[in-house]
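K.L.:
The following block contains a protein sequence and its predicted model.
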Amino acid sequence: MLECQHLTKTFQGVTLLDNVNWQWPATGRFATSAVGGERPGVQVVALLGASGAGKTSLLRLIAGLDHASAGCVRWDGQDLSKVPPERRGFALMFQDFALFPHLNVQDNVAFGLREQGQSRAAARATASQALARMGLGDFTQRAVTALSGGEQQRVALARALVTQPRLFLLDEPFSSLDTDLRTQLRSGFLNDLQANWDGTASGISRVLLVTHDEAEAREMASHAWRLSAGALVSLW
């Protein structure tokens, strides 16, 4: 269970997060989105807010990429303040996908496994299997810079899920795509999650989706919160 306790973040005198106290909503085993219906084993919670509201700051604190001014992030009761990002068991997918241009598709997907200590050969073999499941089996040796926006997104998703994280953090994953492609990929995104992510021992895969688009949140998420004036307010 994810918890934020008295989480505060200030930057250059500006308060981005103000004493946030929040925990993962108590939902059943099956998450129901407003449009997509039941998604067995996948729970999606959306975090809405205008640009500059602090959504990405909160995500970075949860991921361990930034430090809080006060308060802490906990997972199953453990304070993560001193746990480095690579040891938290979380995956973060950025809005620009953050693929490594100097690595081919296979090695991009294998990167997280290498960080976990797997050999290059084992990591590449697992990455190839993950890409095949995503319908990208013929893309292993391609340069990521040669891929379309939709293909890059699927590679980024494969890279995130190949480590089987206990929490998946999504930072505006569709915002860099054009409107038609965004709509097309959004509809299949949860299906890809369900097909390629085993989730935790509980069988539940947890996703925290940051977006400014309420329609997107309603299509993908079973619960949503809005970040405004540094505080979280429940929407549904």
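P.N.:
Thanks, I have it. Just so you know, these numbers come straight off a predicted model, no measurement behind them.

K.L.:
hey, which helix or strand in this structure has the poorest pLDDT?
P.N.:
strand 30-33 (a mean of 41; mean pLDDT, DSSP states H and E).

K.L.:
just the strands in the protein please.
P.N.:
Ranges of strands within the chain are 2-11, 14-23, 30-33, 37-40, 42-48, 70-75, 78-79, 90-93, 167-171, 205-211, 223-228, 231-234, based on DSSP state E.

K.L.:
so what pLDDT did the residue nearest the centre of the chain get?
P.N.:
With distances taken as C-alpha atoms, centre = their mean, the residue of the chain nearest its centroid is Leu169 (2.2 Å). Looking at Leu169, its pLDDT stands at 94.

K.L.:
What of the one 5 residues further on?
P.N.:
Phe174 carries a pLDDT score of 76 in this model.

K.L.:
quick one: it and Arg186 touch, right?
P.N.:
Yes. Look at Phe174 against Arg186 with C-beta atoms under 8 Å: they come within range, at 5.7 Å. Placement of C-beta: from N, CA and C, glycine included.

K.L.:
buried residues in stretch 140-155?
P.N.:
Using 16 or more other C-beta atoms under 10 Å as the test for burial, stretch 140-155 gives 140, 144, 147, 151-155.

K.L.:
and the angle from the longest helix seen in the chain to strand 205-211?
P.N.:
Assignment by DSSP state H gives helix 179-196 as the longest helix of the chain. Interaxial angle of helix 179-196 relative to strand 205-211 (axes from the mean of the first three to the mean of the last three C-alpha atoms, to 10 degrees): 160 degrees.

K.L.:
follow-up on the earlier one: distance to Leu103 added to the strands of the chain, as a markdown table?
P.N.:
Shown next, in a markdown table, are those (distance: least, C-beta to C-beta, whole Å):
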| stretch | distance to Leu103 |
| --- | --- |
| strand 2-11 | 30 |
| strand 14-23 | 32 |
| strand 30-33 | 33 |
| strand 37-40 | 31 |
| strand 42-48 | 29 |
| strand 70-75 | 29 |
| strand 78-79 | 32 |
| strand 90-93 | 16 |
| strand 167-171 | 21 |
| strand 205-211 | 25 |
| strand 223-228 | 34 |
| strand 231-234 | 36 |
